[in-house]
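Undergrad: take this sequence and fold it.
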Amino acid sequence: MKILISDNLDPQCVEILTRDGFEVENRPGIAPAELRATISAFDALLVRSATKVTADVIAAGANLKIVGRAGTGVDNIDVPAATRRGVVVMNTPGGNTVSAAEHTMSMMLSLARNIPQAHASLTGGAWDRKSFTGTEVFEKTVGVVGLGKIGREVAARCMGLGMTVVGYDPVLGAEASSRLGIEPVALDELYRRADFITVHTPLTPETTGLLNDAAFQKCKKGVRVVNCARGGIIDEAALLRALKSGHVAGAALDVFTAEPPTGNPLVGHPKVIVTPHLGASTEEAQEKVAIQIAHAVGDALRGRGYAGVVNSSALNLTLQGDVRPYVILAERLGSAAAQLARGKVKKVTIGIAGDQIAASAEVLKAGVLKGVLSHAVPDPVNIVNAPFLAQELGLSVGVRQDSAQEDFPVRLSVGYETDQDSHELSGVVFGLSATRLIGLDQYRLNVNPEGFLLIYKNLDRPGMLASVGGILAQHGVNIAAVSLGRESAGGMALTVMNLDSAPDAACLSILSQVDGVSSLRVVSLD
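TA: Predicted coordinates for the structure are as follows:
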C-alpha cells in the first residue's frame, strides 16, 4: 500500500510507516493540480494544514481509504465529501494539548504584564516604565470555559500560579470538576467572578459568539480575555466595543474569525496582543502529532484498529450492514438530544427494543454518546472514544431493554436528564436504511432526522402552521416536510419541520413571539 505525505511532517513519520512496510512518497508543497492528478495511486494521504483536501481531491482518489491530519483541526479537509466516499478522516487530538495549554498561559501572563507592548516600546527607543504597569495573576480568579483536555491543562497551570479556578462545561460533572480542583459554576457566575476568562470550547452554533455584548456586560469591569481555541467563539465586534468602553481591560488572541485577520481592527489595538495561530506550533507538538498519525494510519490500513477517527460515519462502514443504519440513528438521536437539552446533561439512558439490535447494545450506546458529546467537548468524538470520554466526564449512562411494540418491534430510544429538564426521543429504521424519529416524549411523529429541524410546541388551533410558515417564507426559509403530534384536540401540540436552511436569529426571534408558540428550538443533523 502507498501513502502520500503532502505537507512538512517530522521525519519520524516516514520512518515509522516505512518500517511498517508501506511505500511512502514525501512530497511537501505538492501543487493542487498535481495532487488531484496523482492521488488515485495512493491508499492514504497525510497532511498538516497547508494542503486543501477538497471534494475534487477525494473524488480523484480512486484507491483512497484514509486522510490523516497531523494535528487537531480538520478545516482544510472536506469531511462530508470524505464520508460520502467512505474515506476515513483521522487526526491527533491529544498531540498538541500541552503546547496549546502553555501558549494560553504565555498569552495570559503577557496580557497581565503588557510584555509585547513594553517590548515594542523599548525596541522603538523609548524607556517608558509607567505606561506598562501590569497586574499580578496570583490570587486572581480565572474562568475556564470548556474543560476538555486543553482546558483542564490550563486550569492545572493556573492553580500552580496561585489562582482560583472556576470552570464551566456543559457535560463535565460537578464531582469530576471538583476532583480536579476546579470550582464548577454556571456561565453567568463565571462571567461575574472572573478576572481572566479563557475559552477552550469547540466552535459550534452554540458557542459561536459566546462572548458577546450581553456576556461582557455580565463580566466585572477590567476583565481580561484569552482565546487560543477557535476564532468566532468571541464576537470580535463586541470585544472591540468592550475594549473601547474600558469594560474589558485587554485581550490576547491566537485565533480569529477570518485567518489571516486582514484589516481586523483588533490587530494593532493597544490593549490587544496577538499571535498567528501558534497554539500547536512547538517542536515537541509537531513531533508528537507526526508520530501519532503515522501509527494511527498504519494501524487502520493494516486492520489493527482505529484511533482519532473524525468522521465515525465512515468508520461505520466497517460494521455489519443490518446494524449500520441503527448506529446512524443512534448518533442522530444523541445529537438531537444534546441540542434540545437545556442546562448541563447529567444522565443519558438508552432504550433498546428488538433482538435484531440487542446484541449490538455497546456500539449503539457508543453511537448515542458520540452524538451527545460532539456538541459538548472540543476534542473530536467517534464511536471508538465516546464511551471513554463519557466516563472521563462523569456522565451517567444507562442501557435498558425495552419490550417490543406491535407497530415498532425494533426501536431505539434516548432519554436525557439535565439540571433543568428531561426528555426522551425514539426512532426506528424503515426498510434497509431509512431512519425516522417517531417520538418525542408523549408525542408521536414521523420525521426524517436529517438536515435542519425546527421543533416547537403550539396550541392546537387553526392557523398556527400558516403563521409559522408565513414567517419562514418571509425570511427565505423553505419547508421540506412537516410532522405534527398532539395530546388531544385543542390541547398542546408538537410540530417538527424539516427545513432546507437554518433560520437566522431575526427569524427565530419573530417566531418565538407568535401567540401560542413555545419551546422553539433548531436542531442541525448531519
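Undergrad: show the pLDDT at L319.
TA: Here the pLDDT value assigned to L319 is 58.
Undergrad: oh sorry, the question was meant for G86
TA: 72.
Undergrad: for it, give its distance to K65.
TA: The gap separating G86 from K65 is 8 Å, by CB to CB, to the nearest Å. All C-beta atoms are positioned from the backbone trio N, CA, C, and that covers glycine.
Undergrad: which one's more surrounded, the two?
TA: Shown here are G86 and K65; by other CB atoms under 10 Å, K65 has more neighbours (18 against 15).
Undergrad: go ahead and confirm that one touches A44.
TA: Yes - taking CB atoms under 8 Å as the definition, K65 is a contact partner of A44 at 6.2 Å.
Undergrad: so what sits against both of those two?
TA: Common neighbours of K65 and A44, counting by CB atoms under 8 Å, 6 or more residues apart in numbering, are L301.
Undergrad: so which elements touch the longest helix seen in the chain?
TA: The residue-count maximum for a helix in the chain (DSSP state H) belongs to helix 283-301. Using 3 or more CB pairs under 8 Å, 6 or more residues apart in numbering; DSSP states H and E as the contact test, the elements touching helix 283-301 are helix 11-19, strand 44-47, strand 66-69, strand 88-90, helix 97-113.
Undergrad: check what pLDDT the residue nearest to E284 when sequence neighbours are not counted gets.
TA: Distances taken as CB to CB, 6 or more residues apart in numbering put S99 closest to E284, at 6.6 Å, once the chain neighbours are dropped. pLDDT recorded at S99 is 93.
Undergrad: next one: S99 from R48, what distance?
TA: 14 Å.
Undergrad: what of V429?
TA: 39 Å.
Undergrad: and D526, how many neighbours?
TA: D526 has 16 nearby residues by other CB under 10 Å.
Undergrad: now for the closest residue in space to G490 that isn't next to it in sequence, how many residues are close by?
TA: Spatial nearest neighbour of G490, chain neighbours left out: D460 (5.5 Å); criterion: CB to CB, 6+ apart. Residues lying near D460 (other CB under 10 Å) number 19.
Undergrad: what's the closest non-adjacent residue to the most centrally placed residue in the chain?
TA: Nearest to the geometric centre of the chain sits P202, at 4.0 Å (CA atoms, centre = their mean). Nearest non-adjacent residue to P202, counting by CB to CB, 6+ apart: P378, 4.4 Å away.
Undergrad: ok, the one you found touching A229?
TA: Yes - in this structure, P378 is within contact of A229 by CB under 8 Å, at 6.8 Å.
Undergrad: so for the two, which residues contact both of them?
TA: With CB under 8 Å, 6+ apart, P378 and A229 have common neighbours G146, I150, H200, T201, P202.
Undergrad: any idea which of the residues you listed is closest to P80?
TA: Within the shared contacts of P378 and A229, the smallest distance to P80 is 16.9 Å, found for P202 (CB to CB).
Undergrad: need the three-state assignment for that closest one.
TA: coil (DSSP: H, G, I helix; E, B strand; the rest coil).
Undergrad: again, but for S509
TA: Applying three-state DSSP: S509 is helix.
Undergrad: what about it, neighbour count?
TA: Using other CB under 10 Å: S509 sits among 11 other residues.
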